[in-house]
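K.L.:
Provided below are the primary sequence and the corresponding predicted coordinates.
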Amino acid sequence: MSTAKTTYDIPFGRPWIEDADRAAVMRVLEGHILTHGPECKGFEDEFVGMMGGGHAASTSSCMASLHLAWMDLGVGPGDEVIVPAMTHAATVHAVALTGATPIFVDCLPGSGNMHVDAIKAAVTPKTKGIGIVHYVGIPCDMPAIMAFADAAGLPVVEDCAIAIGSRIDGTHVGLFGHVGCFSFYPVKHITTCEGGMIVSKNADTVARIAKFRAFSVDRTHSERKVPGIYDVADIGMNYRMSEMQGALGRVQITKIPEILKRRKANFEALKAGLEGLGRIRVIDDPDPRFVNTHYCLVAVLEGDLAPKRDDIIMALQAMGVGTSVYYPHPVARLTAYKKRYGYVDGTFPNAETIADEAIALPVGPHLNTKDMADIVRAFKAVTTD
Ligand SMILES: Cc1ncc(COP(=O)(O)O)c(C=O)c1O
């Protein structure tokens, strides 16, 4: 591996915060409404506008949204819920917290997403739901998954944590299943520092979940005839978003078209450059109906590069090229799940290949196509003996 002297300043992710974002947060702090207010309501309405339909409730994180979704569906001990092996722990924790058993399914090697046939094969009489993830912003084949799920009477929860802008035939992901859950963690497409959104095409579903989100109190402040008097109809959580986050989200959402444009241009430039080097396979879905939202570029190393993945990551880091791994383990291999269910290497071969032999490279709006050429140059330098 060569030790080229050239260095770059290419972080994996960088939140896009400008004066307008800071001013929006300050305006909240200069007022008196810090939560339960018009900023979160405005953000929810504008999020629905960006998606082109549905209803939305802001939350404290994507994982909180996922947890609310499974609580709303009433899954619990004795039930099984199908989840992808190749995802963030949050997707699975949200199921496990209800007491239900996650049933892991391997991904396709090309897109990182679950195929409907693999989902079908995992269904048992105990299955009570299907949790899907749009892997790094590449949409799952929702028409096929929903056709199966509807016929089987199984609700689908879409984890859209890093899929803002992902669409199938024009429909935004999150609007196919029972609900969709989004993340606004700092390196995501847009940020509210921490934060999430739960969406559904069904207004009643969102209204019910909005109550779960706030202790399951049965009426809002404005709905209380006598101040302070309310009832609690169920056992709920406090998973609300603050007004500062809502205000920040409303400025962030205006940047989405530009963010998606830059990400696409960067992704395409980087993909072409890396594929030209050989021994690298880029995860993507070539079907034009499935709009990839380009959260990052996952490069699977092949041949003699595959076993050197961690060394290549460290060499890129030494040259100032930030990378990540999406995701570093099939979730079933993480200690928390291995302890409960055991794990045999080779159980999820496609997820294991991505976890052990792939590198996630940056394509965010803080970078341009010259940075992509620099990443390719750095990659070439660290992989040429
Ligand atoms: C697929 C997926 N789901 C959920 C999460 C968790 O999101 P949050 O930090 O908003 O809870 C992540 C975080 O990266 C993710 O990648």
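P.N.:
Now that the structure is in, tell me what you want to look at.
K.L.:
Now look at stretch 359-366 and say if it contacts the ligand.
P.N.:
No - using C-beta under 6 Å from any ligand atom, stretch 359-366 stays clear of the ligand, coming no nearer than 10.9 Å. Backbone N, C-alpha and C define where each C-beta goes, glycine included.
K.L.:
Show residues contacting that stretch.
P.N.:
10-14, 16, 136, 187, 255, 258-259, 262-263, 266-267, 270, 274, 294-299, 301, 309, 312-313, 316, 321-326, 372, 375 (C-beta atoms under 8 Å, 6 or more residues apart in numbering).
K.L.:
do the same with stretch 198-217
P.N.:
Applying C-beta under 8 Å, 6+ apart, the contact partners of stretch 198-217 are 36, 47-48, 51, 53-57, 59, 64-65, 68-69, 71-72, 174-175, 178-182, 218, 230-240.
K.L.:
before we move on, the earlier item: just to be sure, which of the contacts of stretch 359-366 are found in helices?
P.N.:
With DSSP state H as the criterion, helices contain 258-259, 262-263, 266-267, 270, 274, 309, 312-313, 316, 372, 375 from among the contacts of stretch 359-366.
K.L.:
Closest one of those residues to the ligand?
P.N.:
Set against the ligand, the nearest of those by C-beta to the nearest ligand atom is R263 (15.9 Å).
K.L.:
Quickly list the domain ranges of the protein.
P.N.:
Structural domains annotated on the chain: 19-255, 256-383, as defined by automatic domain parsing.
K.L.:
Pull up the distance across the last one, start to finish.
P.N.:
Okay, so that is domain 256-383. Using C-alpha to C-alpha, to the nearest Å, the end-to-end distance of domain 256-383 comes to 35 Å.
K.L.:
and what of the first one?
P.N.:
Its first and final residues considered, domain 19-255 spans 13 Å by C-alpha to C-alpha.
K.L.:
just stretch 134-148 next, same as before
P.N.:
17 Å.
K.L.:
hang on, the earlier thing: can you flag the buried ones in the contacts of stretch 198-217?
P.N.:
Buried residues within the contacts of stretch 198-217, counting neighbours by 16 or more other C-beta atoms under 10 Å: 47-48, 51, 54-57, 59, 64-65, 68-69, 71-72, 174-175, 178-182, 236-237, 239-240.
K.L.:
Show me those that map onto helices.
P.N.:
Going by DSSP H, the helices hold F47, V48, M51, A64, S65, L68, A69, M71, D72 from the buried ones among the contacts of stretch 198-217.
K.L.:
Next up, identify which helix or strand I130 is on.
P.N.:
According to DSSP states H and E, I130 maps onto strand 127-133.
K.L.:
tell me the contacts of M372?
P.N.:
Contacts of M372 (C-beta under 8 Å, 6+ apart): N266, A269, L270, G273, V363.
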